[in-house]
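Colleague: need a structure here:
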Amino acid sequence: MAEQAVKRHSIHIDNRELLTATGVKRVDFFSDELITAQTDLGQLNIKGEALHIENLSADTGDMLVRGKVGAVSYTESAPALSFFGRLFK
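Modeller: Numbers count the residues shown, from 1 in each chain. You can find the predicted model right below:
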């Protein structure tokens, strides 16, 4: 079985109001205060106020977020759970 190449990932923040991320595989959760997205390098957590995803491209993995960014952190990715795995976690 061949390994998949790791997508290039980067983050750029302008004035804590505009966040651009590349290499995003999917968004797992979003609200006005938290966005959780999966990258090949781990789970990306964006915390802030009045956050909203302005653009998300499934083809390129580019994501544009507007709002007041308070913190950005990563969590190591765990294997994806099935629907019932998430339900009974």
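Colleague: Spatially central residue in the protein, please.
Modeller: By Cα atoms, centre = their mean, the chain has its centre lying nearest to residue 37, at 2.3 Å.
Colleague: distance between the helix or strand that contains it and the chain's centre?
Modeller: Using DSSP states H and E, residue 37 sits in strand 34-39. Centroid displacement of strand 34-39 relative to its chain, using Cα atoms, centre = their mean, to the nearest Å, is 3 Å.
Colleague: residues of that strand that come out buried?
Modeller: 35, 36, 37, 38, 39 (16 or more other Cβ atoms under 10 Å). C-beta: built from backbone N, CA, C; applies to glycine.
Colleague: what packs against that strand?
Modeller: Helices and strands touching strand 34-39, by 3 or more Cβ pairs under 8 Å, 6 or more residues apart in numbering; DSSP states H and E, are strand 24-30, strand 42-56.
Colleague: relative orientation of it and strand 24-30 in degrees?
Modeller: Orientation note: strand 34-39 sits at an angle of 160 degrees relative to strand 24-30 (axes from the mean of the first three to the mean of the last three Cα atoms, to 10 degrees).
Colleague: Name the surrounding residues that touch strand 34-39.
Modeller: Where contact means Cβ atoms under 8 Å, 6 or more residues apart in numbering, the residues beyond strand 34-39 that reach it are 7, 9, 21, 23-30, 43-47, 51, 53, 63, 65, 77.
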